[in-house]
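In: I'll drop the sequence and a predicted model, then ask my questions.
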Amino acid sequence: MTSIAFLGAGMMGAAMIRNYLKAGHRVTVYNRTPAKVVPLVDLGARVAATPAEAASGAEVVISSLTNDAASRECWAGAHGVLSADLEPGTIAVEASTVSLPWVAELDRLVREKKMRFVDAPVAGRPDVAEAGKLRVFAGGAIEDIDALRPVLAAVSAGVTRFGPVGSGITFKLIYNVMGAVQVAATAEAMFACEAVGIDLRAAAEAFSAGATGSPHVVRHARYMAENKHENPVQFSGRMRIKDVGYGIDLIEDRGAQSVLGHATIAVFQQMVDQGVGDRNDSELIDALRSSSRSRRERR
């Protein structure tokens, strides 16, 4: 049994917390919106008023947050984890999809407190998190990641170490760019089929069964064909743009190219421009339809 402080109780975080509790770990939760924590209390979680309070006495501190700003506030803010009096050797784990520069800075701040740090972003949507089958992409010292494996086993189907601190988030950002490209391509292909008169259910079946049938294509083509999208929202268009933006910065900073990354942002930006950026990424096809109508009306 491990004492865990968990920062963030959104859909992903809450699913992970439930699995930690099921596995018998002691979990103290901080979330900016306290109401979201109430169901977790019924399962045995303790609630903290601040990240610092949550981290007090914890052996492992894990965050699952939206972006750099939210992560920075919870770790390094006035009442952040790093303002607490923590035991040397406490393991800090950043499980959020954030930028590489922030991970590097957080590693430095954590080590100044004599703590250990692992970047361990996860792959999988909330349903995968609920099943405890996330994939963990870890960066950090071998001994630190090995110490975490019994904890991460409660939420994951496996942990891959990519190298030192920063390598986990590096891979995750490239991974998310590739995934977003697939979703954008699926929306464009499905809308193209519709535009030329091909039945979308038949298209979704054929795309899924053929060489194009990645899990992203299978899931999103079906939602687009049936016009039935996830509720509550699992992964929004705006979050796709955030992740791809972090990924492009990393990729281009290292001298590689991300032509498709830039194109993918341009495609998803249509959702934001139409005021539906917080809807499911599978609803991108509706934004493409709207953009097409606008172009026809301007002719």
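Out: Right, received. Where do you want to start?

In: Now for the closest residue in space to Phe235 that isn't next to it in sequence: which residues touch it?
Out: Excluding the flanking residues, the one nearest Phe235 by CB to CB, 6 or more residues apart in numbering is Asp281, at 5.1 Å. (Each C-beta comes from the backbone N, C-alpha and C, glycine too.) Taking CB atoms under 8 Å, 6 or more residues apart in numbering as the contact definition, Asp281 lies against 180, 183, 220, 235-237, 239-240, 268.

In: Same list (the residues you listed) but as a markdown table, adding neighbour count.
Out: Listed next are those as a markdown table, based on neighbours: other CB atoms under 10 Å:
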| residue | neighbour count |
| --- | --- |
| Ala180 | 26 |
| Val183 | 24 |
| His220 | 28 |
| Phe235 | 20 |
| Ser236 | 19 |
| Gly237 | 29 |
| Met239 | 20 |
| Arg240 | 26 |
| Phe268 | 26 |
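
In: quick one: which of those is nearest Arg108?
Out: For the contacts of Asp281, the residue nearest Arg108 by CB to CB is Met239; the value is 26.9 Å.

In: Tell me how many other residues surround Arg72.
Out: 17 (other CB atoms under 10 Å).

In: in the chain, which spans are strands?
Out: 3-7, 26-30, 46-47, 60-63, 91-94, 116-119, 122-123, 134-139, 156-163 (DSSP state E).

In: which one of those strands lies closest to Cys193?
Out: strand 122-123 (28.5 Å).

In: what are the pairing partners of the closest one, and which direction each?
Out: strand 134-139 (antiparallel) (DSSP bridges).

In: Can you check which helix is longest in the protein?
Out: Longest helix of the chain, by residue count under DSSP state H: helix 167-195.

In: Distance from that helix to the middle of the chain?
Out: Distance, stretch centre to chain centre, for helix 167-195: 14 Å (CA atoms, centre = their mean, to the nearest Å).

In: quick revisit: TSV for the strands of the chain, including mean pLDDT, mean neighbour count and distance to Ala78?
Out: Converted to TSV, the strands of the chain look like this (pLDDT from 0 to 100; neighbours: other CB atoms under 10 Å; distance: least, CB to CB, whole Å):
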stretch	mean pLDDT	mean neighbour count	distance to Ala78
strand 3-7	98	27	15
strand 26-30	98	23	14
strand 46-47	97	15	19
strand 60-63	98	26	16
strand 91-94	98	28	18
strand 116-119	98	26	21
strand 122-123	98	20	28
strand 134-139	98	25	28
strand 156-163	97	16	33
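
In: show me where pLDDT drops low in this structure?
Out: Along the chain, no part satisfies pLDDT under 70.
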